[in-house]
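K.L.:
Take this sequence and fold it.
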Amino acid sequence: MKRIITLLLVTLVVTGFAQKKPASDLDKKIKEFDAYTQAALKQWEVPGAGVAIIKDGKVIYLKAFGVRDLNTGAPATTETLFSIGSTTKAMTAVCLGMLVDEGKVNWDDPVVKYLPEFQLYDPYVTRELKVRDLLLHNSGVGNTDFLWGSMNIPSDEILRRMRMVKPSYSFRGGFIYQNVFYIAAGKVIEKVSGQSWYDFIMARIFKPLGMTRTATKLKNIQGDNYTKPHFKVNGKIQVIGHTNDDEVNAAGSVWSSIEDMSKWTLCMLDSTKYPSTSSGQAGGRLLKPATWAEMFKPHTFVTPSQFYPTQKLTNPNWMTYGLGWFQHDYKGHKINFHTGSLSGLIALHAQLPDQSLGYYFLGNYDHAEVRHALMYKAFDLFALGGTRDWSTEILSLYKDLNNNQEKEIARLEGMRVKDTKPSLPLSDYAGKYTDPLYGTVEVSATATGLKVVMNNIETATLEHWNYDTFYGPWEKAWYGKAIAQFTLTPFGKVEKLVFEGLELRKVN
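P.N.:
All right, here's what the predicted structure looks like:
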């Protein structure tokens, strides 16, 4: 009889009639998050993405979605490389922190101690700027992304031109996002360590963490398993050209896979500890605990105008910036996070530290804020509770913002004074316009208007709009439209060109 009962039990197991182990609460949440993620990516029309969730010291979710290139249909995998954009900044802060731990740098050292050539418009700011200030966007210098976005000059030249940029607000008196100061932080690392920022971060972060699918810049990627950027142009999502971000380096040039970024997320959540790797690399920690904690202290307040539109939905009581991290309160808890954005490519790294919860998102569709939606969904589902449909709410928020922007463009275009003519023949506007800060703009006459080429890398085709103002599309359609305004001398000769807000003088 005993043998018969045993055989019966074996039969039940083999045939599937034995009772299955019930799914754990975590398994159910992972399944729910996966279904929500798939629906949200479809809702936002994202071609390809990667998502990682870390909880209590473990990677509990790691998955890639969609394609890396709409033209080829090549699938995205957990090893596909995406631009991590400005989430690189936290890595640069850690690199500086390592040098602080080694006694080679102090956070409050003046920058000129290491970079005497880094001069700013205001001599007082040049003298008083501290190493930590390079990471805080509070220097008083406004956005200068034109130095790398509209030019093809080396990083040393980018820094040299900063002395010509007039301040936008008082030193440490506000917050305006500043990529170029992170380039300067990379130069401090180079001067102190004797290694380029590229070599330093590779040796001191990527290698110890076993991040074998990570490159310091696009040009260093080997193989073809990397994504293309995508943008919606004239109502259709299409592949666009890569942003030239190599000289941005310490501010945002890293490319990585979601699998590698899960290792980085885990490390940063666990006070920079990392395990031994399969290749024999010993485990350890990147920073001393006190230096790691310094990364996440609120160092400066962020103004509402410089924060993310999601604040309209989360209603934070405070918004701050640490060393490479935005911060705000959410349901009584502190969130550390940072986005990465280049044309057609996005990333988001976030922590809910008191819940040992981390999140990372990579995507290949311009400013698809599903990255924020999935962050809040993950924090709700795996820690804080709540059933808000963040994807739908944030999508509605951004649709309203886009509609308002389109209305504003339409309003400005409606202010055009009709039936005016240029003061001069089109050929008189042609020529070279220069500025020591902004570079060179070449203008040539066409049959219907003007062709404008900025620093030999960006081109726009403009038609007469009114008086001595010309308006028209960029060659890269995803840039939208450009505007050029010419001013004349009292004697009727073209003297200046204001192109997209940048003022240049004509070379006679």
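
K.L.:
What helix or strand is Lys496 located in?
P.N.:
Secondary structure here is read from DSSP states H and E; on that basis Lys496 sits in strand 494-499.

K.L.:
Relative to Asn138, how far out is Ser168?
P.N.:
For Ser168, the distance to Asn138 equals 11 Å [C-beta to C-beta, to the nearest Å]. For the C-beta atoms, the positions are set from N, CA and C on the backbone; glycine is no exception.

K.L.:
And the two? Which one has more around it.
P.N.:
For Ser168 versus Asn138, neighbours defined as other C-beta atoms under 10 Å are more numerous around Asn138 (23 against 14).

K.L.:
In three-state terms, label that one for me.
P.N.:
At Asn138 the chain is in coil, as set by DSSP: H, G, I helix; E, B strand; the rest coil.

K.L.:
residue contacts, it?
P.N.:
The neighbours of Asn138, taking C-beta atoms under 8 Å, 6 or more residues apart in numbering as the test, are 171-175, 300.

K.L.:
secondary structure class for Glu413?
P.N.:
Reduced to three states with three-state DSSP, the structure at Glu413 is helix.

K.L.:
Could you count how many residues lie near it?
P.N.:
The local packing of Glu413 (other C-beta under 10 Å) involves 11 other residues.

K.L.:
For it, report the pLDDT, please.
P.N.:
Turning to Glu413, the model gives it a pLDDT of 91.

K.L.:
Roughly how far does it sit from Thr469?
P.N.:
Here the criterion is C-beta to C-beta. By it, Glu413 lies 12 Å from Thr469.

K.L.:
show me what contacts Thr144?
P.N.:
Shown in contact with Thr144 (C-beta under 8 Å, 6+ apart): 162, 165, 178-180.

K.L.:
go again using 6 Å as the cut-off
P.N.:
Residues in contact with Thr144 (C-beta atoms under 6 Å, 6 or more residues apart in numbering) are 165, 180.

K.L.:
distance of it from Thr272?
P.N.:
Taking C-beta to C-beta as the criterion, Thr144 is separated from Thr272 by 31 Å.

K.L.:
Report the separation between the residue nearest to the spatial centre of the chain and Phe326.
P.N.:
The residue at the geometric middle of the chain, judged as the C-alpha nearest the mean C-alpha position with C-alpha atoms, centre = their mean, is Gly340 (1.9 Å). Between Gly340 and Phe326 the distance is 12 Å, computed by C-beta to C-beta.

K.L.:
hang on, the earlier thing: then the residue nearest to the centre of the chain would be within a helix, right?
P.N.:
No. For Gly340, which was evaluated using three-state DSSP, the result is strand, with no helix membership.

K.L.:
Please name the spatially closest residue to it (chain neighbours excluded).
P.N.:
Using C-beta to C-beta, 6 or more residues apart in numbering and skipping the chain neighbours, the partner closest in space to Gly340 is Gly85 (2.3 Å).

K.L.:
Same question for Trp465.
P.N.:
The nearest residue in space to Trp465 (C-beta to C-beta, 6+ apart) is Tyr471, at 3.9 Å.

K.L.:
Can you name the residues that contact the one you found?
P.N.:
Listed by C-beta under 6 Å, 6+ apart, the contact partners of Tyr471 are 462, 465, 483.

K.L.:
Could you rerun that using 8 Å?
P.N.:
Contacts were defined as C-beta under 8 Å, 6+ apart; by that measure Tyr471 touches 462-463, 465, 481-484.

K.L.:
Among the residues you listed, name the ones in helices.
P.N.:
By the criterion of DSSP state H, membership of these in helices covers no residue at all.

K.L.:
of these, closest to Lys55?
P.N.:
Lys55 has its nearest neighbour among the contacts of Tyr471 in Lys481, at 45.8 Å by C-beta to C-beta.

K.L.:
thought the closest one was touching Trp474?
P.N.:
Yes. Applying C-beta atoms under 8 Å as the test, Lys481 and Trp474 come out as touching, 7.0 Å apart.

K.L.:
Now do the shared contacts for the two.
P.N.:
Listed as contacting both Lys481 and Trp474 by C-beta under 8 Å, 6+ apart are Ala460.

K.L.:
Between these two, which has more neighbouring residues?
P.N.:
With other C-beta under 10 Å as the criterion, Lys481 and Trp474 differ in neighbour count, and Trp474 comes out ahead with 18 against 14.

K.L.:
contacting residues around the more buried one?
P.N.:
Taking C-beta under 8 Å, 6+ apart as the test, what Trp474 contacts is 458-460, 480-482.

K.L.:
Count the residues that sit near the closest residue in space to Tyr61 that isn't next to it in sequence.
P.N.:
Among residues not flanking Tyr61 along the chain, Ile53 sits closest, at 3.8 Å (C-beta to C-beta, 6+ apart). One way to gauge burial is a neighbour count; for Ile53, by other C-beta under 10 Å, it gives 24.

K.L.:
Can you tell me how far Ile53 is from Phe361?
P.N.:
Taking C-beta to C-beta as the criterion, Ile53 is separated from Phe361 by 10 Å.

K.L.:
hmm, back to that, so what pLDDT did the residue nearest to Tyr61 get?
P.N.:
At Ile53 the predicted local distance difference test score is 98.

K.L.:
gap between it and Ser356?
P.N.:
Applying C-beta to C-beta, one obtains 11 Å for the distance of Ile53 from Ser356.

K.L.:
got it, and Ile237?
P.N.:
Per C-beta to C-beta, Ile237 is found 37 Å from Ser356.

K.L.:
Give the buried residues for stretch 33-45.
P.N.:
Under the neighbour-count criterion of 16 or more other C-beta atoms under 10 Å, stretch 33-45 has 33, 36-37, 40-41, 44 buried.

K.L.:
Hmm, I typed the wrong one, I wanted stretch 46-62.
P.N.:
Along stretch 46-62, the positions that meet the burial threshold by neighbour count (16+ other C-beta under 10 Å) are 46-55, 60-62.

K.L.:
again with stretch 129-146
P.N.:
Neighbour count says stretch 129-146 has 129-141, 144, 146 buried, by 16+ other C-beta under 10 Å.

K.L.:
so where's the stretch 101-250 of the chain shaky on pLDDT?
P.N.:
For the stretch 101-250 of the chain, no stretch has pLDDT under 70.

K.L.:
Could I get the full set of helices for it?
P.N.:
Using DSSP state H, counting those that start in this stretch, the helices of the stretch 101-250 of the chain run over residues 123-128, 146-149, 155-161, 180-193, 197-201.

K.L.:
Pro75: which of those helices is closest?
P.N.:
Each of these was scored for nearness to Pro75 using C-beta to C-beta, and the closest is helix 197-201 (28.8 Å).

K.L.:
Residues contacting the closest one, please?
P.N.:
Where contact means C-beta under 8 Å, 6+ apart, the residues beyond helix 197-201 that reach it are 91-92, 95, 186-187, 189-190, 193, 216-217, 220, 249-250, 254.

K.L.:
on that earlier part again, mind putting the buried residues of stretch 33-45 into a markdown table with distance to Ile409, pLDDT and secondary structure?
P.N.:
A markdown table is the format used below for those (distance: C-beta to C-beta, whole Å; pLDDT from 0 to 100; DSSP: H, G, I helix; E, B strand; the rest coil):
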| residue | distance to Ile409 | pLDDT | secondary structure |
| --- | --- | --- | --- |
| Phe33 | 38 | 98 | helix |
| Tyr36 | 34 | 98 | helix |
| Thr37 | 33 | 98 | helix |
| Ala40 | 28 | 98 | helix |
| Leu41 | 29 | 98 | helix |
| Trp44 | 23 | 98 | helix |
